[in-house]
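Peer 1: I need the structure of the sequence given here:
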Amino acid sequence: MVQQTGAQMARILVVDDEELLRDSAKMFLEHRGHEVMVASSAIEALRILKKKETEFDLIISDYRMPGVTGVELLHAIRVWAKRDTPFVLVSGDTCSQNGNSLLEICASWGVLFVPKGVPKYYDKILAALPNTKE
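Peer 2: Numbering: from 1, shown residues only. Now for the predicted structure:
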């Protein structure tokens, strides 16, 4: 892992059912000096988060995944697990499965929405990290 001078390492959980995107995000973040764990589903992410000793500085989740969506994961983290870990929702969609705007949903939860696959938004993801400089 490469630590950037002047930057503080963060622990990040990346949740995406697409292996290529999950691994790309992991490599991108590790190259910038962060410690990254990955989960291939929201259920796997909740199992990781259930461990009391596992704390993250940021959770990045895809929206559309089989079984449990990224918004449902966010709800479970905030309400069930009572964690307010900074959260970034990534999606190629702009509307949820029931037609609600993902931007509005993210705004109501106070989380960042980032369009999937748009490199210019990577800086916004890194800016969501508390107490880090990128």
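
Peer 1: you'd agree Asp93 is in a strand?
Peer 2: No - going by DSSP: H, G, I helix; E, B strand; the rest coil, the assignment for Asp93 is coil, not a strand.

Peer 1: That one: what's it in contact with?
Peer 2: The contact partners of Asp93, by C-beta atoms under 8 Å, 6 or more residues apart in numbering, come to 63-64, 102. All C-beta atoms are positioned from the backbone trio N, CA, C, and that covers glycine.

Peer 1: ditto for Ile105
Peer 2: Applying C-beta under 8 Å, 6+ apart to Ile105 gives the contacts 71, 89, 96.

Peer 1: Can you tell me which of these is closest to Met9?
Peer 2: Nearest to Met9, judged by C-beta to C-beta, of those is Leu89 at 23.1 Å.

Peer 1: and that closest one, bridged to which residues?
Peer 2: For Leu89, the beta-bridge partners under DSSP bridges are Ser61, Phe113.

Peer 1: surely it meets Val114?
Peer 2: Yes - assessed by C-beta atoms under 8 Å, Leu89 is found in contact with Val114 at 7.2 Å.

Peer 1: Which one of these two is surrounded by more residues?
Peer 2: Leu89 (25 against 18; other C-beta atoms under 10 Å).
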